[in-house]
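Visitor: From the sequence below, what's the structure:
(one chain, ligands or ions: 1)
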Amino acid sequence: MMADRDPDRGVAGGPARHVPVLLPEVLATLAPRDGGIYVDGTFGAGGYTRAILDAAECTVLALDRDPQAREAGAALVAAYAPRLILRAGCFSQLDDHVAAAGLTRVDGVALDIGVSSMQLDEAGRGFSFMEDGPLDMRMDPQGGASAADVVNALPVQELARVIRVLGEEKRAGAIARAIVRARDTAAITRTSALAEVVSAALGGRRGERKHPATRTFQALRIYVNRELDELAGGLNAAERVLCAGGRLVVVAFHSLEDRMVKRFIAAASGKTGGTSRHQPLPEEGEAPTFKELHRGGLAPGQGEVDANPRARSARLRACERTLAPARGIAATVLGVPELAPLPEARAGGWQ
Ligand SMILES: C[S@@+](CC[C@H](N)C(=O)[O-])C[C@H]1O[C@@H](n2cnc3c(N)ncnc32)[C@H](O)[C@@H]1O
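Guide: Numbers count the residues shown, from 1 in each chain. Here you go, the predicted structure:
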């Protein structure tokens, strides 16, 4: 049975707030077929999942680490029963979820890396400097260190490294020192307080289109959610579960993440030249586990960017699984930086 296809309705029957990015391209690449099994590792508002389920009489195992996304997805699960399985979890463990769901082969994996519009826009989640909220940024608020734990606990040099590497922020040292000075007076627990500290440290760079705190917030979000480790884990888990001919489609919004996907595809497809000087040559006899599709990746057209400005930095990369046994590509080869371990979460939080 086909579910309600009204494009103005969200998965829970309310307004759809997250517009799926590069959706026609994702769908054309996955090419869902009747009887196929697909993993959507980043369910979000269910945009990809719904399109896959509408394209063929197939099954989708969807994952999201965010309890709010899963709660909003319950209506979609009911509408497509029994073809949609929605589970709590991280895509770095997608092969475990496939096994736990009793699925034996996977024909396609889609990963839409990053945060959803719902997460960004809801001040209470603490991802944005545009509105005041608790300094949280956890996609799964039920566990682990929050952004407040990080800014109030990390030693200055470690903090500077996180902001420099994950935010690609040149003045990370000045920002980290300003954060440490501020927290010596009072803990930084609100997004507005952090945004003010960062803006003051950078002296309010005039004439720039971006808010001065953009890069710092991005760095903290990626760090708090261990997004680069997750991506490395997810790519390798996809290599383990996909059947021969199965396709992996990844949409990334950040240059660090896109570079990792590019390196993964280059290493797995045996094309080692030119992507990374750290990339070792494949061992003799190691057959490629993937074949690259869409050489160089796909970017959204101007029409999509005009309609959805959040799509502007998106890049889709894809590859097709071969028969060769999975070999795993090390995180260091993919360029995952070494950073300080996340601090302990403060008992009772900061509010
Ligand atoms: C960009 S949104 C996905 C939007 C979705 N493609 C759609 O069309 O509605 C990313 C979602 O993936 C989730 N997510 C991010 N990293 C994750 C991870 N490592 N494991 C599981 N879910 C993750 C986030 O909580 C968020 O809901």
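
Visitor: Tell me the buried residues in the helix or strand harbouring N152?
Guide: Following DSSP states H and E, one finds N152 within helix 147-153. Residues of helix 147-153 classed as buried by neighbour count (16 or more other C-beta atoms under 10 Å): A147, A148, D149, V150, V151, N152, A153. All C-beta spots, glycine's among them, are computed from the backbone N, C-alpha and C.

Visitor: before we move on, what about stretch 327-347?
Guide: Within stretch 327-347, the residues that qualify as buried are R327, I329, A331, V333, L334, G335, V336, L339, L342, P343, A345, counting by 16+ other C-beta under 10 Å.

Visitor: element containing whichever residue of the stretch 151-300 of the chain sits closest to the ligand?
Guide: Among all residues of the stretch 151-300 of the chain, E230 sits closest to the ligand, at 3.6 Å; criterion: C-beta to the nearest ligand atom. Secondary structure assigned from DSSP H and E places E230 in helix 227-241.

Visitor: Could you tell me which other helices and strands that helix packs against?
Guide: Based on contacts counted as 3 or more C-beta pairs under 8 Å, 6 or more residues apart in numbering; DSSP states H and E, the elements that helix 227-241 packs against are helix 94-100, strand 106-112, strand 242-252, helix 255-268, helix 331-334.

Visitor: Make TSV from those and add mean pLDDT to it.
Guide: Rendered in TSV, the data for these read as follows (pLDDT from 0 to 100):
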stretch	mean pLDDT
helix 94-100	98
strand 106-112	98
strand 242-252	98
helix 255-268	97
helix 331-334	96
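
Visitor: Would you tell me which one of the ones you listed is buried the most?
Guide: Using mean count of other C-beta atoms under 10 Å, the stretch among the helices and strands packed on helix 227-241 with the largest mean neighbour count is strand 106-112, at a mean of 26.

Visitor: What is the subsequent helix or strand relative to it?
Guide: For strand 106-112, the following helix or strand on the C-terminal side (DSSP H and E) is helix 117-121.

Visitor: Packing partners of that next one?
Guide: Here helix 117-121 touches helix 67-72, going by 3+ C-beta pairs under 8 Å, 6+ apart.

Visitor: how close does the most centrally placed residue in the chain sit to A252?
Guide: Here the mean C-alpha position of the chain is nearest to the C-alpha of I113 (C-alpha atoms, centre = their mean), at a distance of 2.6 Å. Going from I113 to A252 by C-beta to C-beta, to the nearest Å gives 5 Å.

Visitor: Quickly list what's touching both of the two.
Guide: Shared contacts of I113 and A252 (C-beta atoms under 8 Å, 6 or more residues apart in numbering): L231.

Visitor: Return the distance of the residue nearest to the centre of the chain relative to the ligand.
Guide: Shown here: I113 relative to the ligand, a distance of 7 Å by C-beta to the nearest ligand atom, to the nearest Å.

Visitor: show me the residues around that residue that make contact.
Guide: With C-beta under 8 Å, 6+ apart, I113 has these contacts: T42, E227, L231, V250, V251, A252, F253, H254, E257.

Visitor: between those residues, which is closest to P134?
Guide: Comparing the contacts of I113 against P134 with C-beta to C-beta picks out E227 as the nearest, at 20.1 Å.

Visitor: circling back to that earlier point, how would you label the closest residue to the residue of the stretch 151-300 of the chain closest to the ligand other than its chain neighbours: helix, strand or coil?
Guide: Nearest-residue entry for E230: S92, 4.9 Å, with adjacent residues in sequence omitted and distances by C-beta to C-beta, 6 or more residues apart in numbering. The three-state label given to S92 by DSSP: H, G, I helix; E, B strand; the rest coil is helix.

Visitor: Test my guess that S92 contacts L228.
Guide: No: in this structure, S92 sits apart from L228 without contact. The criterion is C-beta atoms under 8 Å, and the distance is 10.7 Å.

Visitor: Looking at those two, which is more packed in?
Guide: The residue with the greater number of neighbours, taking S92 and L228 and applying other C-beta atoms under 10 Å, is L228; the counts read 23 against 20.

Visitor: Identify the residue nearest that one in space, chain neighbours excluded?
Guide: In this structure, L228 finds its nearest non-sequential neighbour in V336, 4.8 Å apart by C-beta to C-beta, 6+ apart.

Visitor: tell me the contacts of that neighbour?
Guide: L228, D229, A232, M260.

Visitor: and if we set it to 10 Å?
Guide: Contact analysis of V336 by C-beta atoms under 10 Å, 6 or more residues apart in numbering lists R226, L228, D229, E230, L231, A232, G233, L256, M260, A330.
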